[in-house]
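# Okay, here's the prediction I keep looking at, along with the sequence it came from:
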Amino acid sequence: MRFESFSFCPEILRAISDCGYQKMTPIQQQAIPAIRRGQDVLASAQTGTGKTAAFALPILQKMVENPSETLKSNTRVLILTPTRELAAQVAENVEAYSKYLNFSVLTIYGGVKVETQAQKLKRGADIIVATPGRLLEHLTACNLSLSSVDFLVLDEADRMLDMGFSADIQKILQAVNKKRQNLLFSATFSSAVKKLANEMMIKPQVISADKQNTTADTVSQVVYPVEQRRKRELLSELIGKKNWQQVLVFTATRDAADTLVKELNLDGIPSEVVHGEKAQGSRRRALREFVSGKVRVLVATEVAARGLDIPSLEYVVNFDLPFLAEDYVHRIGRTGRAGKSGVAISFVSREEERTLADIEKLIGQKIRRITVPGYEVGSRDLLLKQLQTRRSFAKKQQRQDNVSEQMIAEKSMQGRRVKMKVGQAPSKAKKLK
């Protein structure tokens, strides 16, 4: 199905064409008609499925059909996202879709001076894309009113709840105009997401564009078994030998990300890092240099798993497997987007085998393993068997030691008894005399 089927205005169709969109994705086919009808929508959609266009395009069309003056310190559309990266990306997409329309778009998130944002908010904006925490700061400071909101979008709602934004969202919901259209997009329909939807929505249209916790068919997945201490060495070798030019690498911690970037640069592989402790300007610069090809590797922590949109990204590497199996799906969703192919590589140490099993159970498939000569890891089953044998031997040895100690103790006691008897004999004889 093509976008022309839904009678978008010429300005929106022209912007869609500029973006290179042709056929609609499943989530767009299902969500756009429901939103155009004015229904509340509860949608399940993974990253890379075109969900931003699914809610932004029909909202823009409805704004064109029902024009309204932009009021100071107000907005018609409020889009909440879990991270600043995602907020920036959504705002960029909305600006692209509305480039031929006279609508203003404003992003509100942490890492930027509150005063600067306050000045922009007082002028008002047609569309605001924000993270819950920073938006609530402005509401508390009376820099913004949500009394004119016609459309409220919660993008990646499950992620926001996982990150602890539940209380912030509840306070925002109390401040938003009650006569509004609600759109909630989530990768999963967890119990917390369903509870939130019941509280804020009226008879929503429930949409599930694809099976939950599935990975895109365009992404090839492989596992490289490797000892934890040799992961960096293997990564450098694969990048060099296979001539990978643009690689997004995920680590478990910020310290691990910083260390890996230093080592890769020492190996002659230009690399940059993005994580929560980096300033927003630094993160933007790193992403810009990565997209332009100036750096070959971008190392990131979980903060970037859902917020980054890198055109034509071919390789994603899980240097460390994520703590939650669900985050694996979001990480590798950075590649294989918009119908293009991608490769997801995971380095798995012996200690991570159980996590890998959880991931395979979640996605419903076994991931192909590739063993690189010189980086072999002993079989986990064999190691467990050897450990069990060692424990059995240790227990047997302990029992033998206990028996030996007991025998020695008994002989010692017998010796003391004999000695006592020998020592008593003279005294008895003396008494007889």
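Thanks, I have the structure now.

# care to break this structure down by domain?
Following automatic domain parsing, one gets these domains for the chain: 3-208, 219-381.

# Comparing those, which yields the minimum mean pLDDT?
Ranked by mean pLDDT, the domains of the chain bottom out at domain 219-381, with a mean of 87.

# tell me how far it is from the chain's mean position?
Centre-to-centre, domain 219-381 and its host chain are 13 Å apart (Cα atoms, centre = their mean, to the nearest Å).

# try stretch 87-105
Between the centre of stretch 87-105 and the centre of its chain there are 24 Å (Cα atoms, centre = their mean).

# which parts of that stretch are buried?
Going by neighbour count (16 or more other Cβ atoms under 10 Å), the buried part of stretch 87-105 is 87-91, 93-98, 103, 105. To be clear about C-beta, it is placed using only N, CA and C from the backbone, and glycine gets the same treatment.

# distance between the ends of stretch 143-153?
Stretch 143-153 has its terminal residues 20 Å apart, counting by Cα to Cα, to the nearest Å.

# wait, I meant stretch 341-360
21 Å.

# With adjacent residues omitted, what lies nearest to A34?
Leaving out its chain neighbours, the residue that sits closest to A34 by Cβ to Cβ, 6 or more residues apart in numbering is Q205, at 4.2 Å.

# bridging residues for the one you found?
Counting by DSSP bridges, Q205 forms beta bridges with V41.

# about what we covered before: can I get the buried residues of stretch 87-105 in TSV including distance to S341 and secondary structure?
Below are the buried residues of stretch 87-105 laid out as TSV (distance: Cβ to Cβ, whole Å; DSSP: H, G, I helix; E, B strand; the rest coil):
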residue	distance to S341	secondary structure
A87	28	helix
A88	26	helix
Q89	22	helix
V90	25	helix
A91	28	helix
N93	22	helix
V94	28	helix
E95	28	helix
A96	24	helix
Y97	26	helix
S98	31	coil
F103	35	coil
V105	32	strand
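
# so how many other residues sit close to the residue nearest to G111 when sequence neighbours are not counted?
Nearest non-adjacent residue to G111, counting by Cβ to Cβ, 6+ apart: Q280, 3.6 Å away. By the criterion of other Cβ atoms under 10 Å, Q280 has 14 neighbours.

# for Q280, what are its contacts?
Contact analysis of Q280 by Cβ atoms under 8 Å, 6 or more residues apart in numbering lists R84, G111, V112.

# so how far is L287 from it?
Shown here: Q280 relative to L287, a distance of 11 Å by Cβ to Cβ, to the nearest Å.

# likewise A54?
For A54, the distance to L287 - Cβ to Cβ - is 24 Å.

# Have a look at those two and say which one is more surrounded.
Neighbour totals were compared for A54 and L287, and A54 leads with 27 against 22 (other Cβ under 10 Å).

# Next up, identify which helix or strand the more buried one is on.
Using DSSP states H and E, A54 maps to helix 51-65.

# Could you list the buried residues of that helix?
Of all the residues in helix 51-65, those buried under the rule 16+ other Cβ under 10 Å are 51-64.

# What are the contacting residues of the strand or helix carrying L264?
Here L264 sits within helix 254-266, counting by DSSP H and E. Identification of contacts with helix 254-266 by Cβ under 8 Å, 6+ apart yields 232, 235-236, 249, 251, 271-273, 275-277, 297, 299-301, 319-320.

# switch to 7 Å and redo it
Here helix 254-266 makes contact (Cβ atoms under 7 Å, 6 or more residues apart in numbering) with 232, 236, 249, 251, 271-273, 275-277, 297, 299-301, 319-320.

# Against which helices or strands is the helix or strand just after it packed?
Using DSSP H and E, the helix or strand that follows helix 254-266 in sequence is strand 271-274. For strand 271-274, the packing partners by 3 or more Cβ pairs under 7 Å, 6 or more residues apart in numbering; DSSP states H and E come out as helix 254-266, helix 280-292, strand 297-300.

# what separates stretch 96-108 from the chain centre, distance-wise?
Relative to the centre of its chain, stretch 96-108 is centred 27 Å away, using Cα atoms, centre = their mean.

# can you tell me the distance between the two ends of that stretch?
Terminal residues of stretch 96-108 lie 18 Å apart, using Cα to Cα.

# ok, and what's touching that stretch?
Taking Cβ under 7 Å, 6+ apart as the rule, stretch 96-108 contacts 11-12, 14-15, 19, 53, 56-57, 60, 63-64, 70, 87-88, 91, 94-95, 117, 120, 125-130, 134-135, 138.

# related to what we said a few turns ago, and the helix holding L264, which residues are buried?
Of all the residues in helix 254-266, those buried under the rule 16+ other Cβ under 10 Å are A256, A257, D258, L260, V261, L264.

# Stretch 227-245 now?
Quick answer for stretch 227-245 (16+ other Cβ under 10 Å): E227, R230, K231, R232, L234, L235, S236, L238, I239, W244.

# how close does the closest residue to D126 other than its chain neighbours get to I27?
Using Cβ to Cβ, 6+ apart and skipping the chain neighbours, the partner closest in space to D126 is F103 (4.2 Å). The gap separating F103 from I27 is 23 Å, by Cβ to Cβ.

# For R14, the count of nearby residues, please.
So R14, with other Cβ under 10 Å, has 12 neighbours.

# Find me the pLDDT at Q398, would you?
67.

# With distance to A357 as new columns, can the buried residues of stretch 227-245 be given to me in a markdown table?
Shown next, in a markdown table, are the buried residues of stretch 227-245 (distance: Cβ to Cβ, whole Å):
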| residue | distance to A357 |
| --- | --- |
| E227 | 19 |
| R230 | 22 |
| K231 | 19 |
| R232 | 24 |
| L234 | 21 |
| L235 | 23 |
| S236 | 28 |
| L238 | 24 |
| I239 | 27 |
| W244 | 27 |
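
# what's the helix or strand containing L183 packed up against?
If you go by DSSP H and E, L183 is part of strand 181-186. Here strand 181-186 touches strand 41-44, helix 51-65, strand 151-155, helix 157-162, helix 191-200, going by 3+ Cβ pairs under 7 Å, 6+ apart.

# nearest to G374, of the ones you listed?
Judged by Cβ to Cβ, the one of these that comes nearest to G374 is helix 157-162, at 39.0 Å.

# and after the closest one, which helix or strand comes next?
Once helix 157-162 ends, the next helix or strand along the chain (criterion: DSSP H and E) is helix 166-175.
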